[in-house]
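A.B. asks: Sequence first, then the predicted structure, then my questions.
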Amino acid sequence: MTQLTQTPDKGGTDTADRPRGQGSSTSGRMLPLLIKILALAVVDALAVYAVLVLIGAKAWVVAGVVVVVTAIVNWIYFSRRALPAKYLAPGVIFLCLFQVFVLVYTGYVAFTNYGTGHNGNKDQAISALSAAALQRVPDSPTFPVSVVTRSEELGLLVTAPGGDALLGTSESALEPVEATFEAGKAVATPGWQTLQFAQILDRTDEVAQLSVPFSDDPNEGALRTPDGSNGYLYISTLHYDEVADTLTDESTGKVYRDTGEGAFTADDGEQLMPGWQVTVGLDNFARAVTDARLAQPLLYVTAWTFGFALLSVATTFALGLFLAIVFNHPAMRGRKLYRALLIIPYAVPSFLSALVWAGMMNESFGFLNQVVFGGAMIPWLSDPWMAKLSVLLVNLWLGFPYMFLVCTGALQAIPDELTEAGTVDGASGWSIFRFIKLPLVLVSVAPLLIASFAFNFNNFNIVYMLTGGGPRDPSAPIPVGHTDLLISMVYKVAFTGQVRDYGLASAYSIIIFVVVAIISVIAFRRTKSLEELN
Amino acid sequence: MTVRSTRRFTAVTALLTAIVLGGTACSSGTDATAGGEGTGETAATSTSLTVWVDAERLDAVQSVVDTYTEQTGVGVELVGKNVDDIKDDFIQQVPTGEGPDITMGAHDWLGELATNGVVAPIELGDTSGNYLDVAVEASTYDGATYMLPYAVENLAMLRNAELVADAPSDYDDMIAKGKDAGLDSPFVVEQGSEGDPYHLYPFQTAFGAPVFGTDETGYNSDDLQLGAPGGEKFADWLGEQGEEGNLNTDIDGDIAKQAFLDGDAAFWLTGPWNVGAAQDAGIDVAIDTIPSPTGEAASPFAGVKGFFVSSQSENQVAANDFLVNFLGSEEAQLALFESGNILPALSAAAETASSDPVIEGFAAVGEEAVPMPAIPEMGAVFQYWGIAEAEIINGSDPSETWQKLVSDVEGAIG
């Protein structure tokens, strides 16, 4: 932020003590100090606001983190010793926020059963199960009700189908009372105050929970009012026992227990949904590699993923390098125009161009077959091998401008003297390229090739937009296609259909990350040997 | 999320103000409550409902909810959401307490929402008889009603009345009438390389092969009907249609639309969402029932749109009152109808809306419609269903492919 605090300046207080001649330079230091104080004030104000909000949301841990981080930031910028920290702090904070947190959270999810049916916590699951188990008594009438209160206790004033007024609370069953009627509905009874709609809303939790037994026989059900004006008779089939932590289905007598799997489970293995999130250890990783339905497609998808990434890098690099050499030749006229034209595919968003290509490659109606190939029925996207070729072609179209740019830069950085020296020694053009230019280009481009490999390894966009992974492999037990990469297969397994499995998807993405990381590390080691060449 | 934090912001601001102003703030608060008691039903209340709606319907719903706020004093804050994001955002945000009180949605989300425990049952009470049967059926999952239905939509056959003057009597008649009009491919339906079982379903039901059987609580996932004898007959028929070129997996939604708009096809099996485009293109559109290939009724899936209450909503009473007693009224349903131009779910409103011939046409087809199963197992079915149909259309052995479809689905449901 500012280095001002490094000087032994005590701010504005000692300005008066200094000789007049230095007045201007002191005010020159005053301004940055003021800016610094203002900036920190803004940061602190935001932190105070965040802490208040977080305390309101009862997020104690996050609130604690905010307090500690703010304290450290204040200390760093007011201290006179922590010079390196002044430069590091913003970067480290943003790194933690945007990178470390995401990684740690993905890792955490990989060890949980987070997904469809395991979406919230246990309390939410219990309340959702209990709410769903409330069944309206068959053929029971609708009871017009008024919510009444007496010294904080809530009751329901009910108009029976015969026109009598009944009153009951959660403790006592319905009993006849005298009441005032309005349009056939009992609206008030002596000794009780009738709640207006606005007052009902202010006590919405109590009203929603209010359950008035219809009679002393629990099998006759209890009266509840979901909207404050109509009451219905409900019987609950599930009973939650807080002490034993079990749910009992009272119609069948089946007992469901918390067996640590994140759902209430009966002895015969039947689970009640929704369940809740629990950590499941390495289960997701084990499933990712051992699930019989996934194992068979996993092999050839992995093979194609490596093939696609390698071929994509190789083809785009070859074409990019070739064009770079051509357009770098001094004899070539209009080089700048061509170069500008070549960048166009690079400038079009890949989402868009992949979709446009998908349309052009339609077998019966596509531009390619209809116009370019004169009505031929070339199965660009519907034949397994043609689809693979199409993906590579479109990716080549999208990818070569980048390689072209990179190679042009690398070629121009090679001093002309080297080429001249080669010519003087009598080397042919090919030899000069093979033994001088290519190794030099590779030294500077190799890291980019590795990055490009890693990118294409996870090139979800092109597969998803162009072929959707298709054509589908009809023999595979999961919906996987011949052009699916690992990443798009994971997407299909975890996120399509109505059953989501975020835990499994996270485990997969960690596995993919590890694969890419290992390959990158090995490849970077080998590029070092390239540098030693020179 | 933004909405909630705004609300929190208000709460925090109020808290700070209260601290600063001390006793003054307290006494003014008491005054407000006292005043509220006097004015009865429309008394001011701090209750406010947050409702997620499809961004395209935001304006229409806004005009409807303003009336509710006038009647009850309950504020309704609408948040326009991209329709593709609503379901996933709702499932993820409700458990964290950040979600809305109510969300707009479609009935086929129901199984997923209920399995995740993010929706609360609602009680339609005696009003349930006021809705179209298909709407109430679709709003029910595992014996409990979770959705307040407001619109029903289904496929129907759009006919270019300039090319073919009369409605066809059955499927073969449709093709013959189109050929007589000089068209190479009289009939288009949206498919695509992975097939489209939703659009082929009417023909499948005509062969007597629904996906799942039903019991008293709705669709029963243990009773897979795909493998019924009718299924294979349907598969054979699909193969024939593929051979004759009446069905083509290269035809996706855009190509089908273009063929109909250009007059290259006289019949287009599609939903009400495409009628506007055809009328804008100057085509005299007639809405026919779906011509059956067998003589049995060809029943399309009905999709029902409605509103769900969040299971974590702190305003259950207001949310239920707003949905059942207000959005279930004829005025509200008609107002919503005018925005979307699809059939209202409330019978009385549906009748009023049917004065429009297009709506009437879709409503007539809708009488034969069956709700799309909302059970989560449908996800597994859809994974294999379309691809198997696409393969049959493209010439693989019908009965073999169909049997594989049945066994794949059985395997996936487990």
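C.D. replies: Looks like it came in fine.
A.B. asks: Which residues in stretch A:480-497 does the neighbour count mark as buried?
C.D. replies: A:480-494, A:497 (16 or more other Cβ atoms under 10 Å in any protein chain shown). (Each C-beta comes from the backbone N, C-alpha and C, glycine too.)
A.B. asks: What ranges does the stretch 201-350 of chain A have for its strands?
C.D. replies: A:212-213, A:222-224, A:230-236, A:238-241, A:246-249, A:254-258, A:264-266 (DSSP state E, counting those that start in this stretch).
A.B. asks: Identify the structural domains in chain B and state their residue ranges.
C.D. replies: Chain B is divided into the following domains under automatic domain parsing: B:3-153+B:303-370, B:154-301+B:373-413.
A.B. asks: would you list the ones you listed in JSON lines and tack on mean pLDDT and mean neighbour count?
C.D. replies: Formatted as JSON lines, those follow (pLDDT from 0 to 100; neighbours: other Cβ atoms under 10 Å in any protein chain shown):
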{"stretch": "domain B:3-153+B:303-370", "mean pLDDT": "80", "mean neighbour count": "19"}
{"stretch": "domain B:154-301+B:373-413", "mean pLDDT": "90", "mean neighbour count": "19"}
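A.B. asks: which sections of chain A are below the confidence cut-off?
C.D. replies: A:1-28, A:497-498, A:530-534 (pLDDT under 70).
A.B. asks: 50 - rerun?
C.D. replies: Low-confidence segments of chain A, defined by pLDDT under 50: A:1-24.
A.B. asks: Output the longest helix belonging to it.
C.D. replies: helix A:292-328 (DSSP state H).
A.B. asks: still on that earlier bit, among the strands of the stretch 201-350 of chain A, which comes closest to chain B?
C.D. replies: strand A:230-236 (5.4 Å; Cβ to the nearest Cβ).
A.B. asks: For that closest one, name the packing helices and strands.
C.D. replies: strand A:134-136, strand A:143-150, strand A:222-224 (3 or more Cβ pairs under 8 Å, 6 or more residues apart in numbering or on different chains; DSSP states H and E).
A.B. asks: Distance from the strand ranked longest in chain B to the middle of the chain?
C.D. replies: For chain B, the longest strand by residue count, based on DSSP state E, is strand B:301-310. Mean-position distance between strand B:301-310 and its chain equals 6 Å (Cα atoms, centre = their mean, to the nearest Å).
A.B. asks: Whichever strand or helix holds A:Val68: how far from the chain's middle?
C.D. replies: Take DSSP states H and E as the rule and A:Val68 turns out to sit in helix A:60-78. For helix A:60-78, the separation from the chain centroid amounts to 27 Å (computed by Cα atoms, centre = their mean).
A.B. asks: what distance separates the start and the end of stretch B:257-270?
C.D. replies: 9 Å (Cα to Cα, to the nearest Å).
A.B. asks: which residues sit against it?
C.D. replies: By Cβ atoms under 8 Å, 6 or more residues apart in numbering or on different chains, the residues outside stretch B:257-270 that reach it are B:155-160, B:162-164, B:168, B:174, B:177-178, B:181, B:183-190, B:199, B:202, B:251, B:256, B:274, B:277-278, B:281, B:283, B:290.
A.B. asks: In helices, which of these appear?
C.D. replies: B:174, B:177-178, B:199, B:202, B:256, B:277-278.
A.B. asks: Going by distance to chain A, which of the residues you listed wins?
C.D. replies: Distances from chain A to the ones in helices among the contacts of stretch B:257-270, taken by Cβ to the nearest Cβ, are shortest for B:Ala256, at 10.8 Å.
A.B. asks: And for that closest one, nearest residue in space, chain neighbours not counted?
C.D. replies: Residue nearest to B:Ala256 in three dimensions, not counting chain neighbours: B:Val188, with 4.2 Å by Cβ to Cβ, 6 or more residues apart in numbering or on different chains.
A.B. asks: wait, does whichever strand or helix holds B:Gln93 contact chain A?
C.D. replies: Taking DSSP H and E as the criterion, B:Gln93 maps to helix B:86-93. Yes. Part of helix B:86-93 sits near chain A under the criterion Cβ under 8 Å from any Cβ of the partner chain, namely B:91-92.
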